[in-house]
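Q: My questions are about this predicted structure, shown below with the sequence.
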Amino acid sequence: MRRLAASVSESLGIGSPVLRNAAKEGWNINRQESNGQWSHLEYIIEDGAIDVACTCPVALQNRTCIHQVFFKRQDVETYFDCLQQASSQDSQASIFVRQRVPNSDDVETMFSVKSKTQPGLKGRALVIHKGTLPSAGIWRCSKSHSGAYKCLHIPEAKKALRALIGQDGGDDEEGPLVAQDVLVPSRPLATLSRHGAISYRPVLPPVSVMLPTDAPMYPRPPPFRDRPTQPLALDEFSTCNCHGVRTLARRDGKNVINDCRIYTLFNGIHPAKIELQPCPTCPEKRHRHIGPDLRELGLFNYNNSVIVSHELLDDYTICYATSETPFSSYVAVMDHRYATVGATFMGEDLFRAVWFAYISVQAFENDMGCSLCGPCPETIIWDGVTVAFDKTQLSSTISPPTERTAEAFSRPLVRNLRGQQLITDATLRKQVRQVIKSFKVDSGHVSVDGDGLETPEGEEEEEDAFGELDAGVVGDITRIDTVYQKLTELCPALGMLFLEAYGFIAYESKVRPSIVYRSFFLQIAAEESILQMVPPPSLTRLRDFIANPHPGRLTSLLPIPALFQLLRLREKFEGLVPIMVWIADRASSVWHDITVDDRPIPVILPTDGRQPDWRLTGTFYSLAQIRYRPIYPKLRSDLKKEDSARGGETCGKYYSEYGKKSKTGGIMAGWCTHSVCYGFHCIPSSEGRNDVFSAMVTRWPVAPKRVIYDFACALGPYCLLREPEFFKNTHFAIDDFHATGHTKCSPACFLYEYSNADPRLIAINSSAGECGNSALRRIRKSVSYMTQERAVIYTKTFLSIWNRFRMMKKKL
């Protein structure tokens, strides 16, 4: 079972047996996950003995099920004592689970409702409500197939819910919002019964990925392959995996010798003896024992009965990190290997449980960083990958950097700022691009269409822009004249430059403009913010150059490739100075409009130095969290799911290919240019700009110098609008791999535009993140069937192994 909840306890009189009902969630043994099917269980305690009746399908068919056996063998009464109950004996409906739906304002409430005609156990119905108020949301009943309006159990559940949240039973459409103090949490049974393995001390990483910086915690033992001749003895580190603090072995304790099985990689199973000591802390009827840790022997003690060699467990770790190897495939290989020596390997479920317990204590530390790039790389590459698990496995412990917190810093002055383009007239921008599209670029260059899509040279040879004088040609000439007049009104020098490159004479004489002019005017007419073409740090350089436009100072414009290439193409600069002034004035105006709140984001004060457990939060970065993500009350779109169908004149690529309805959004990972991962976080819903923004704001002491991202065209304005001071020295660019998919973005968004002007940027491997993400797809299938906690551990271990291989290969 995964979840268990108490319902109603009834006493049958003084000295009479105690009758108690419970609801429990079914468990898929093969997949090791809950199946979402709840059923009732009732047990009676008489003279210290427990009799159990269950309504699960297995019990109804075979009269015996695992739930009954579990209740009889485990100390169930102590578990029920810690549960909150939201019901009474007089209530027709009992609320046994009430909890927030992850990443939603809705609350899921589960009821156990008595039947008015059949008062026994089989007459009870399970009712589920998902919503905020009794009158809203979705109601479902396990015994009704005719809808909520004809069901007799749902009205009783509504009464119980109204009583719980303080409504009088009338019209509740204007009722109070659900408060946190009326939530009855569902306790995960797995976290109560699974306290880890007997072995608990940190284990060295696999020998093939051991780094010089790894701490030598103990001498690495040789692979354990031979059958031991003596019992595996207790030592000073022997413990029992009790709940909370482990219980150590006592010198005066009574030791016993039990049988155990040692699983090895090549020599099959070794039957052996192990020295144990009954645990004085655990209840006697649980028969728990204190056992040896066995780390120095190269063995992992799972439960004093199953012992596995480090060599075998490390072998699977390397296998799944280097090629797609689900647990089922590896167990099948081991079954064959063991069959050759006349032995049988353990089952898939047991092996999976042992491996996760082992990997939880393996010391994969200080491997989320590159020694060449340092703790805060100047260039960070972000990319999302759909390594996702089912949304039904999302836990309330998930805590990505995008999470809103009560301690968050508020910026009420930040508002949406429309019209950040260099040319504010949308019609004129479109007309400029249409004129450019009517021309072809120089031969010898790659053809780029008017929307920014690269196409091989000569692909459109059948289309002749200078064909017969038809309606299309007349339309082109009219459009050229209109654009020239409007550009002249904005900046006379700009109109003259346009007339020189794309005027009627050039059109009539079939003189194709240089690709430099094409790139410049595409950026002039771009739909992105002017701050994409002229980033804030480049604005000062542009002002300085305008004051002294000397050819020897041309390299100061390298961060603005459109102007740098244009000036380098022309012999005289004087005619272009008014254009640069116009561009600088517009960039300064937009920058002034978005810098409405220059207060720095408060840094989290260090308390005890502890960070939340990444296995529960789904967030792991080499940089600790130093800030909370700010909130922006006046930005209505903030923290909402990204629009995956956005089109129009803005970027048409957006996020349409990411995520599936039944799965989470995958993970967002940050990489340096050497393909070393600096961390990741799970995306509960779908990838968006907020994931990248929040990760940097909450963890980076200073914003990176360059941010490379598939959707940098949208990320740049998103970041600068919210935190202009923090990101003022950051340049956002799209990597070369994803550039061709952005059909409506100007060259100012692409990294290759800047590397064409500045050869120092050629060394940036913009596809480093895609390299790591393509490797992550090896675990996509395995992760899709896992619970949240296991998916996070599995992913983090993969990235640790990947980084270690990269560090050793590149000698980092």
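A: Right, received. Where do you want to start?

Q: rest of the way, CA atoms for contacts and neighbours
A: Noted.

Q: What is the burial count for the closest residue to Cys682 other than its chain neighbours?
A: Closest residue to Cys682 apart from its sequence neighbours, by C-alpha to C-alpha, 6 or more residues apart in numbering: Ile667 at 4.4 Å. Close neighbours of Ile667, defined as other C-alpha atoms under 10 Å, add up to 25.

Q: who are the neighbours in contact with Ile667?
A: Neighbouring residues of Ile667 by C-alpha atoms under 8 Å, 6 or more residues apart in numbering: Gly384, Val385, Thr386, Val387, Ala388, Phe680, His681, Cys682, Ile683.

Q: Go ahead and confirm the second one touches Cys771.
A: To tie it back to what came earlier, the one meant is Val385. No. In this structure Val385 lies outside contact range of Cys771 using C-alpha atoms under 8 Å: 11.3 Å.

Q: So which of the two has more stuff around it?
A: Using other C-alpha under 10 Å, the more surrounded residue of Val385 and Cys771 is Val385, with 21 against 14.

Q: State the distance from the more buried one to Ala695.
A: Distance, Val385 to Ala695, using C-alpha to C-alpha, to the nearest Å: 16 Å.

Q: can you point me to the longest helix in this structure?
A: When the chain is scanned for its longest helix (criterion: DSSP state H), the result is helix 788-809.

Q: Restricting the selection to alpha carbons, write that one to CSV.
A: In CSV, the C-alpha atoms belonging to helix 788-809 read as follows (Å, rounded to 0.1, in the frame of the first residue of the first chain):
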residue,chain,number,x,y,z
GLN,A,788,8.8,11.4,-7.9
GLU,A,789,11.5,10.7,-5.3
ARG,A,790,12.9,7.8,-7.3
ALA,A,791,12.8,9.8,-10.5
VAL,A,792,14.8,12.6,-8.9
ILE,A,793,17.4,10.2,-7.5
TYR,A,794,17.7,8.3,-10.8
THR,A,795,18.2,11.6,-12.8
LYS,A,796,20.7,13.1,-10.4
THR,A,797,22.8,9.9,-10.3
PHE,A,798,22.8,9.9,-14.1
LEU,A,799,24.0,13.5,-14.3
SER,A,800,26.7,12.8,-11.7
ILE,A,801,28.1,9.9,-13.7
TRP,A,802,27.8,11.9,-16.9
ASN,A,803,29.8,14.8,-15.4
ARG,A,804,32.5,12.5,-14.0
PHE,A,805,33.0,11.0,-17.4
ARG,A,806,33.2,14.4,-19.0
MET,A,807,35.7,15.6,-16.3
MET,A,808,37.9,12.6,-16.9
LYS,A,809,37.7,12.7,-20.7
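
Q: any idea of the pLDDT on Asp314?
A: Predicted confidence (pLDDT) for Asp314: 97.

Q: burial measure for it, as a count.
A: For Asp314, using other C-alpha under 10 Å, the count is 19.

Q: so which strand or helix has it?
A: Assigned by DSSP states H and E, Asp314 belongs to helix 310-322.

Q: for the helix or strand hosting Arg162, which positions count as buried?
A: Assigned by DSSP H and E, Arg162 belongs to helix 153-165. By neighbour count with 16 or more other C-alpha atoms under 10 Å, helix 153-165 contains the buried residues His153, Ile154, Pro155, Glu156, Ala157, Lys158, Lys159, Ala160, Leu161, Arg162, Ile165.

Q: can you list these in a markdown table and add pLDDT and distance to Val596?
A: Below are the buried residues of helix 153-165 laid out as a markdown table (pLDDT from 0 to 100; distance: C-alpha to C-alpha, whole Å):
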| residue | pLDDT | distance to Val596 |
| --- | --- | --- |
| His153 | 87 | 56 |
| Ile154 | 88 | 52 |
| Pro155 | 89 | 53 |
| Glu156 | 88 | 54 |
| Ala157 | 88 | 51 |
| Lys158 | 90 | 48 |
| Lys159 | 88 | 50 |
| Ala160 | 87 | 49 |
| Leu161 | 86 | 46 |
| Arg162 | 86 | 45 |
| Ile165 | 77 | 42 |
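
Q: which strands and helices sit next to the longest helix of the chain?
A: helix 310-322, helix 348-359, helix 614-617, strand 677-682, helix 780-784 (3 or more C-alpha pairs under 8 Å, 6 or more residues apart in numbering; DSSP states H and E).

Q: Just the residues contacting the last one, thanks.
A: Contact with helix 780-784 is made by Pro326, Phe327, Thr386, Val387, Ala388, Phe389, Asp390, Lys663, Ala791, Tyr794, Thr795, as judged by C-alpha under 8 Å, 6+ apart.

Q: Where does the fifth one sit: helix, strand or coil?
A: Following DSSP: H, G, I helix; E, B strand; the rest coil, we place Ala388 in the coil state.

Q: what sits against the closest residue to it other than its chain neighbours?
A: Distances taken as C-alpha to C-alpha, 6+ apart place Gly666 nearest to Ala388, at 4.2 Å, with adjacent residues excluded. By C-alpha under 8 Å, 6+ apart, the residues touching Gly666 are Gly384, Val385, Thr386, Val387, Ala388, Phe389, Gly659, Cys682, Ile683, Pro684, Ser686, Glu687.

Q: low-confidence ranges in the stretch 701-812 of the chain?
A: 812 (pLDDT under 70).

Q: Whichever helix or strand Thr109 is part of - what's its average pLDDT?
A: Here Thr109 sits within strand 107-113, counting by DSSP H and E. For strand 107-113, mean pLDDT rounds to 86.

Q: Any chance you could give me whichever helix or strand comes after it in PDB, C-alpha atoms only?
A: Next helix or strand after strand 107-113 toward the C-terminus (DSSP H and E): strand 125-131. Provided in PDB are the C-alpha atoms of strand 125-131 (Å, rounded to 0.1, in the frame of the first residue of the first chain):
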ATOM      1  CA  ALA A 125     -18.700   4.200  -0.700                       C
ATOM      2  CA  LEU A 126     -15.600   6.200  -1.500                       C
ATOM      3  CA  VAL A 127     -16.400   9.700  -2.600                       C
ATOM      4  CA  ILE A 128     -13.700  12.000  -4.000                       C
ATOM      5  CA  HIS A 129     -14.000  15.800  -4.500                       C
ATOM      6  CA  LYS A 130     -11.500  18.000  -6.300                       C
ATOM      7  CA  GLY A 131     -12.000  21.700  -6.100                       C
END
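
Q: distance between strand 125-131 and the chain's centre?
A: 29 Å (C-alpha atoms, centre = their mean, to the nearest Å).

Q: Now do it against strand 107-113, angle only.
A: Put simply, strand 125-131 runs at 160 degrees to strand 107-113, going by axes from the mean of the first three to the mean of the last three C-alpha atoms, to 10 degrees.

Q: The chain should start at 194 in everything you say after this.
A: Fine by me, first position is 194 from now on; the one you just mentioned is strand 318-324.

Q: Direction included, what does strand 318-324 pair up with?
A: strand 300-306 (antiparallel), strand 331-334 (antiparallel) (DSSP bridges).
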